[in-house]
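[1] Just the structure for this:
(2 chains)
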Amino acid sequence: MQTHEVVEREEDRQIVTTRVIDGPRRLVFEAWTEPRHLARWFGPHGFTITTHAFEFRPGGVWEFIMHGPDGTDYPNWIEWREIVPGERIVYWQGMRADDPDKWETTVTFADRDGGTEITLRSLFKTKAQRDHVVEHFGAEEGARQTLERLDRYVAELASARA
Amino acid sequence: MARAATNSDVFNAIAEPQRRRILTLLRDGERAATEIAETLGLAPSGTSKHLRVLRDVGLVRVREEGRQRFYTLDAAGLREVHEWTGGFERFWQESFERLEAYVKELQRTEHDDADT
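    Below is the predicted model of the structure:
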């Protein structure tokens, strides 16, 4: 008997987000390297972080809880896979170490227009998982409701032509 | 951050009410430019400007037939908007905003340290 494993195309399983940060590459990178830095910016406005473990080296883990503005706690687990100072960070992310749905993110840093271009590429195991994370990750109930009408409108437009 | 140009940013493109009306009309299928202008009671010149913006950001596709131009919705362009309303994109855009503010603070601290 043969086993067929269908692996969907990477472009269907990934999300890429890019932004130019007004600041030197050295400091933009440094902001990833310690919990006291990460606690100041990692997550949307109004979120806070409690770090339970942190080791910034390949194979090292960052375990933390994200607290949403509405009081909801989100457990998080990140394992750093590759670290090239000032250039690239690769990590796995999930809710906990044995999370079967953990995904891989590659962050790259590049000089751009006097600032730093940061590119974040997250690769998921399946397109379905990707779509789920796109919709729900870090999305609070309140914020989701606010955006629901726009989302519905856009989804209608998209499905009309899909 | 500099403001994104209307013809490169899908969010700017749909911020304009007349352009949203055009998109809504195109949900029902392909329409000629002249028909869009008539149905919505818009001036032909203004309509073509709106259609150009929508085309530039990938929200509509154009097909020429004789002297007529026909427009249809392009669902691919809407995907960016759809994803923005989800949590992930918002998570990272807001994190990047906070990161930028924090890096500025780090820079100031370094500067102050260098002065003392």
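[2] neighbours around residue A:59, how many?
    Residue A:59 has 9 neighbours, counted by other CB atoms under 10 Å in any protein chain shown. From N, CA and C alone the C-beta is placed, and that goes for glycine too.
[3] Revised request: answer the last question for residue A:82.
    Residues near residue A:82, counting by other CB under 10 Å: 11.
[4] name the helices or strands packed onto the helix or strand where residue B:12 lies?
    Using DSSP states H and E, residue B:12 falls within helix B:10-15. If contacts are counted by 3 or more CB pairs under 8 Å, 6 or more residues apart in numbering or on different chains; DSSP states H and E, helix B:10-15 sits against helix B:17-26, helix B:44-56, helix B:75-84.
[5] cutoff 10 Å now
    Counting contacts by 3 or more CB pairs under 10 Å, 6 or more residues apart in numbering or on different chains; DSSP states H and E, helix B:10-15 is packed against helix A:141-161, helix B:17-26, helix B:44-56, helix B:75-84.
[6] And the last one, what's buried?
    So that's helix B:75-84. B:75, B:77-84 (16 or more other CB atoms under 10 Å in any protein chain shown).
[7] same question, the third one
    Residues B:47-48, B:50-51, B:53-56 are the ones in helix B:44-56 that count as buried (16+ other CB under 10 Å).
[8] taking the buried residues of helix B:75-84 as a set, which two sit the farthest apart in space?
    Maximum pairwise distance in the buried residues of helix B:75-84, criterion CB to CB, is 15.2 Å, between B:75 and B:84.
[9] how about the strands of chain A, start to end?
    A:14-21, A:48-54, A:61-67, A:73-84, A:88-94, A:103-112, A:115-123 (DSSP state E).
[10] Does at least one residue of the fifth one sit close to chain B?
    So the one you mean is strand A:88-94. No - Strand A:88-94 stays clear of chain B (CB under 10 Å from any CB of the partner chain), getting no nearer than 11.4 Å.
[11] Now do stretch A:89-108, average pLDDT.
    Averaged across stretch A:89-108, pLDDT comes to 94.
[12] give the contact list for residue A:43.
    Going by CB atoms under 10 Å, 6 or more residues apart in numbering or on different chains, residue A:43 touches A:49, A:64, A:66-68, A:74, A:76, A:138, B:91-92, B:94-95, B:98.
[13] Which single one of those residues is nearest to residue B:115?
    Closest to residue B:115 out of these is residue B:98 (26.1 Å), distances taken as CB to CB.
[14] tell me which element that closest one falls in.
    According to DSSP H and E, residue B:98 maps onto helix B:87-115.
[15] by how many degrees do that helix and strand A:14-21 diverge?
    Interaxial angle of helix B:87-115 relative to strand A:14-21 (axes from the mean of the first three to the mean of the last three CA atoms, to 10 degrees): 30 degrees.
[16] Who are the packing partners of helix B:87-115?
    strand A:14-21, helix A:25-30, helix A:35-41, strand A:115-123, helix A:127-136, helix A:141-161, helix B:75-84.
[17] How many residues are close by the closest residue to chain A within chain B?
    Using CB to the nearest CB, the single residue of chain B nearest to chain A is residue B:87, 2.6 Å away. Look at residue B:87: counted by other CB under 10 Å, it has 20 neighbours.
[18] quick one on the thing from earlier: what's the least confident stretch among the helices and strands packed on helix B:87-115?
    helix A:141-161 (a mean of 56).
[19] hang on, the earlier thing: how about the contacts of residue A:43 in TSV, adding pLDDT?
    TSV is the format used below for the contacts of residue A:43 (pLDDT from 0 to 100):
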residue	pLDDT
A:49	94
A:64	96
A:66	91
A:67	91
A:68	85
A:74	88
A:76	93
A:138	63
B:91	86
B:92	89
B:94	89
B:95	93
B:98	95
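[20] As CSV, these with distance to residue A:21 and neighbour count would be great.
    Formatted as CSV, the contacts of residue A:43 follow (distance: CB to CB, whole Å; neighbours: other CB atoms under 10 Å in any protein chain shown):
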residue, distance to residue A:21, neighbour count
A:49, 19, 18
A:64, 22, 22
A:66, 21, 18
A:67, 25, 16
A:68, 24, 19
A:74, 24, 16
A:76, 22, 21
A:138, 19, 22
B:91, 16, 20
B:92, 12, 22
B:94, 13, 17
B:95, 11, 22
B:98, 11, 17
